[in-house]
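# Sequence and predicted structure, then a few things I'm wondering about:
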Amino acid sequence: MNKNLKPFLVVLITFTLLLFTLQYFAVEHLKQTKTFFFSTWSIYVFHFSATLFIYLFIVFVQKTFSDKTGFAFMACSILKMIAAIIFLLPLILNKEKSVLNDIITFFIPYFLYLLLETVFTVKMLNHK
């Protein structure tokens, strides 16, 4: 396995399990008074998959075109934003429900995963 990929996978899986557990129990506690459009499971499947695919692409670009890694990261970040909007589109189009709770439960992990991607990409860039 690639030397950049193995440590990332260990951190990503641990990070996902920890955040998922925390958010799952928080949402279950809040479900007594609030309703949520998306399940915690679906939110974390989206974040885990997007982060994994982005990092795999960044590793590929680093090996193939090492001078373009930063640009690839920025492009992937924009694509991830577009994917997030597409993922949230049913919620946005839903007129009968308050969206604030769902937006918060989606974007807190979104920015934490973005931070994780950024840290590992910067490590990769600095290591070359």
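Good, I have the coordinates.
# could you say which helix or strand contains Leu18?
According to DSSP states H and E, Leu18 maps onto helix 5-30.
# And that helix, what does it pack against?
Judged by 3 or more C-beta pairs under 8 Å, 6 or more residues apart in numbering; DSSP states H and E, helix 5-30 is in contact with helix 40-64, helix 100-127. All C-beta spots, glycine's among them, are computed from the backbone N, C-alpha and C.
# OK, contacts around the most centrally placed residue in the chain?
Centroid check for the chain by C-alpha atoms, centre = their mean gives His47 as the closest residue, at 3.2 Å. Under the criterion of C-beta atoms under 8 Å, 6 or more residues apart in numbering, the neighbours of His47 are 16, 109-110, 113.
# Output the residues you listed in a markdown table; the columns should cover neighbour count and distance to Val10.
Converted to a markdown table, the contacts of His47 look like this (neighbours: other C-beta atoms under 10 Å; distance: C-beta to C-beta, whole Å):
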| residue | neighbour count | distance to Val10 |
| --- | --- | --- |
| Thr16 | 19 | 11 |
| Pro109 | 22 | 19 |
| Tyr110 | 21 | 21 |
| Tyr113 | 23 | 15 |
